[in-house]
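Student: okay, structure incoming, though there's no sequence with it:
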């Protein structure tokens, strides 16, 4: 198992049971196009290829691991040396399923990029640091990314995975989450929506009326004395739409 690099945040999952559960959770069917992020030595790659899928694209940043993955002989497999935090997933198909044991240091950036490509990603199963995985499910102290993700996907916590199932063992537990795209996701300018959420989540202890005009909050049906963690994803969405409309009105006025 030599050649693991700290800079890539690599911890290889070596538990056959967990690998099998991740593959099963993707509900793989004949004809599916699957994207795996961070193939490493190919443990999950091989588990995915046991299903009658049409195509498996594996994104891997480490050139040594790319060579290893390319040695797996299966004509459905294509290995791409690329950074998943900025990759255009929609270039691989109009409807893809996505999975991976995400590196701890860039897991959140990859999840953000998945949301930006929600139009072509119908389902995802990811392993992340447990604390991050729980946060993305809305458990514990949520952040802007929790809301960003939950606007487009139903997010479910599947299981916790202890350090002993990895080589080298990480210092913390991992968690597996499942994303199922919502049936009618909202059509939003994602960059503007992200800016709105990050600004609301900055200085999170302050009441909403210190961050937004009270008339905007009232119009959205939200108590101005609330704080960010007291709002639901639906509240944020309604608030964003009212805020956006009022911004346009101000420009016209």
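Tutor: Thanks, I have the structure now. Here the structure is a predicted model, which means the values were calculated and not measured.
Student: only C-alpha atoms for contact and neighbour calcs from this point on.
Tutor: Noted.
Student: does residue 229 belong to a helix, a strand or coil?
Tutor: Following DSSP: H, G, I helix; E, B strand; the rest coil, we place residue 229 in the helix state.
Student: look up the pLDDT of residue 193 for me, please.
Tutor: pLDDT, residue 193: 97.
Student: at the geometric centre of this protein, which residue do we find?
Tutor: Nearest to the mean C-alpha position of the chain, by Cα atoms, centre = their mean, lies residue 111 at 2.5 Å.
Student: hmm, who's touching the helix or strand where it lies?
Tutor: In the assignment (DSSP states H and E), residue 111 maps to helix 107-116. Applying Cα atoms under 8 Å, 6 or more residues apart in numbering, the external contacts of helix 107-116 come out as 84-87, 89, 102, 121, 128, 132, 145, 148-149, 152, 190.
Student: redo that, cut-off 7 Å
Tutor: Helix 107-116 is contacted from outside by 84, 85, 86, 128, 149, 190, using Cα atoms under 7 Å, 6 or more residues apart in numbering.
Student: a markdown table for the residues you listed, including secondary structure, neighbour count and pLDDT?
Tutor: As requested, those are arranged in a markdown table below (DSSP: H, G, I helix; E, B strand; the rest coil; neighbours: other Cα atoms under 10 Å; pLDDT from 0 to 100):
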| residue | secondary structure | neighbour count | pLDDT |
| --- | --- | --- | --- |
| 84 | coil | 23 | 97 |
| 85 | coil | 16 | 96 |
| 86 | coil | 13 | 97 |
| 128 | strand | 27 | 95 |
| 149 | helix | 22 | 98 |
| 190 | helix | 12 | 97 |
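Student: and the furthest pair within those?
Tutor: Taking Cα to Cα, the two most distant members of these are 128 and 190; they sit 23.2 Å apart.
Student: kindly report the domain assignment for this structure.
Tutor: Per the TED database, the domain ranges recorded for the chain read 12-181, 190-252.
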